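Enquirer: Let's see this in three dimensions:
(2 chains)
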Amino acid sequence: MDICSIGYRKEILKIVDHARRGHIGSALSIVEIIRVLYEDILRINPKKPLWEDRDRFILSKGHGCLALYVALAKKGFFEKNELARFCKLGAMLGGHPQYGKAPGIEASTGSLGHGLSIAIGIALNAKLDAKNYRTFVLLGDGECNEGSIWEAAMCASKYKLEYLTALVDYNKMQCFGNIYDVQNLEPFVDKWISFGFAVREVDGHDVAALGSILNRLPFENEKPNLIICHTVKGKGIPSIEQNALWHHKSKISDTEIQKLFRELESL
Amino acid sequence: MRKTCLNEIYNLAKQDKRILFLGSDIGVGTLSEFQKEMPSRYFMEGVSEANIIGIMAGLAMNGKIPYLNTIAVFLTRRCYEQLLLDVAMHNLKIRIVGSGGGVVYSPLGATHLAFEDIAIMRAVPNMTIVAPCDAEEMKRLMPQSVDYNGPIYIRLGKGGDPIVSSSDNPFEIGKAILMREGDDVLIVTTGIVLKMALDASILLEKKGIKTGVLHIHTIKPIDKNAIIKAACKVNAVITLEEHTLIGGLGSCVAEIIAEACFVPAIKFARVALPDVFPSQYGSQASNLQYYGITTDKVVSLANSLIGV
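Expert: I've put the predicted structure just below:
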């Protein structure tokens, strides 16, 4: 893990230190995906967050928002000191992202299974208006239990949305535990292929590999793109990696938070 | 009413490129002219209402004004969360046109009856709810629906409903229409049962009971001032609607009257569907009759409320 990725995780932990709560494991799982999108891929302008031709990104797994907030602050969508107000009364940043509260948030998410349909609407709009912007949406693997995801999947291929890219944070863990026990998604790649997507797999923590694959979009003509990102929930802090107890945590003690920082610093 | 509504969408779309039409596997040939003339703005989706609402949200976030038509229960129940979060929370200009408001689809059974649609849509912040009384009023509503802020739920009657509205009454979303004046009893109503209210008022007038009729085509935002102004002249208020007793027009009016603290208190009664799953097949008319949503019921209630 490079200094930049460790830096992202330190920022996430600082937010958690202030609020003593958050979906920490879920955020650590998507750090590299968010980092590569915001630093290398998305055509956006933090000074003009509603620029008509911007690429759109929707965090459909809204509970992973700590990583998104760090990326948006780094890009300058808002002041970094907003991060310290996470979940406070009157804050622009809360436990799930809300449209209109913070610049750079394209849609309010948090209830799962919504983002892919919204992204299809945005991508269809680009087609209707002959715009070149691209639409990205990040789904959770547990989120793919929702039937609406598969309604949307059928529809995305119908419209041949090659400038729509869905990424799945495939950490194989959901709230209760291992996805193979709760609701097995396999054969996951085959499912997406059979729904008409051009599918690629990548190590979701390998920054170079992520950049390389995202720079090859669209993968095939007239097919929406689906990238399965193999990840580790809680990546970077060994005691919470793949540990369902850290899917969401509140009332985090001083001892616990110090331990998290120590583990991260020892990387 | 549905035909008029859809034709108006077509006419408006010809003049305004922001307007789109979506359906979820609805009747063959629906708006075929629209599909032929403006194919890129016509979307016939599968039986997937949740997905459609999300798509509409994505389109409306980028300035489009999508109109969706399908059966009211599938629009309001099936995808309630998508309407609430994707649409209403973002305060987007989408228009959902629900066919079969109330017990229109009685022959099809309770799964298809939109008896609680107003109640659940009322609870959605930013949502506007409009239930026109006939096709002519629908014509007056539709041009206003284009640029009205936020989402709108348009509740359709059966079709072929008798014309009772008049172009003499200016139509404005959110403004109730006083159809008849009277200072003994006030009937407050919405949608196609306005006809029953008018019939009841004529029968009551013949008995010397002066009866006002207030047509609430827009149930949300409700025209509170018009209700208070009309109610303060009378001794009794009766609400009449094709909807469950719980959470519909009767509840709205009861809330307003209770909070207005009239002295002396106004007598109040609701005519609505009981809190049951309508168990009868039959027709819309026979179901309304079965559950006591009739002109006669309104007349007898008015008589008993004012002690005739």
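Enquirer: Contacts (any at all) between chain A and stretch B:93-104?
Expert: No - contact of stretch B:93-104 with chain A is not found when judged by CB under 8 Å from any CB of the partner chain; the minimum separation is 10.0 Å. No exception for glycine: its C-beta is placed from N, CA and C like everyone else's.
Enquirer: just checking, residue B:292 touches residue B:271?
Expert: Yes - applying CB atoms under 8 Å, one finds residue B:292 in contact with residue B:271, separated by 6.9 Å.
Enquirer: Of the two, which one has the most company?
Expert: residue B:271 (25 against 15; other CB atoms under 10 Å in any protein chain shown).
Enquirer: contacting residues around the residue in the stretch 1-150 of chain B positioned nearest to chain A?
Expert: Going by CB to the nearest CB, chain A is nearest to residue B:58 of the stretch 1-150 of chain B, at 2.0 Å. By CB atoms under 8 Å, 6 or more residues apart in numbering or on different chains, the residues touching residue B:58 are A:117-125.
Enquirer: Residue numbers of the stretch 51-200 of chain A in contact with chain B?
Expert: Residues of the stretch 51-200 of chain A lying near chain B (CB under 8 Å from any CB): A:98-100, A:106-108, A:110-111, A:113-114, A:116-125, A:128-129, A:147-148, A:151-152, A:154-155.
Enquirer: Just the buried residues from those, in ChimeraX please.
Expert: In ChimeraX, a selection of the buried entries from those looks like this (16 or more other CB atoms under 10 Å in any protein chain shown):
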select /A:98,106,107,108,110,111,113,114,116,117,118,119,120,121,122,123,124,125,128,148,151,152,155
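Enquirer: Restricted to strands, list the residues of the stretch 51-200 of chain A next to chain B.
Expert: Applying DSSP state E to these, no entry is found in strands.
Enquirer: Could you tell me which of the residues of the stretch 51-200 of chain A next to chain B belong to helices?
Expert: A:116-125, A:128, A:147-148, A:151-152, A:154-155 (DSSP state H).
Enquirer: Residue A:15 against residue A:86, yeah?
Expert: Yes - look at residue A:15 against residue A:86 with CB under 8 Å: they come within range, at 4.8 Å.
Enquirer: Who has more neighbours out of the two?
Expert: residue A:15 (24 against 21).
Enquirer: Tell me who's in contact with that one.
Expert: Residue A:15 is in contact with A:22, A:66, A:69-70, A:83-84, A:86, counting by CB under 8 Å, 6+ apart.
Enquirer: Next: residue B:62.
Expert: By CB under 8 Å, 6+ apart, residue B:62 lies in contact with A:121-122, A:125, A:129.
Enquirer: circling back: quick one: the residue of the stretch 1-150 of chain B closest to chain A is in a helix?
Expert: Yes - according to DSSP: H, G, I helix; E, B strand; the rest coil, residue B:58 belongs to a helix.
Enquirer: Can you check the pLDDT for the closest residue to chain B within the stretch 101-250 of chain A?
Expert: Taking CB to the nearest CB, chain B has its nearest neighbour within the stretch 101-250 of chain A at residue A:121, 2.0 Å off. Each residue has a pLDDT score; the one for residue A:121 is 98.
Enquirer: likewise the one 4 residues further on?
Expert: Confidence at residue A:125, expressed as pLDDT, is 98.
Enquirer: same thing with residue B:94?
Expert: Looking at residue B:94, the pLDDT reads 98.
Enquirer: And for residue A:44?
Expert: Looking at residue A:44, its pLDDT reads 98.
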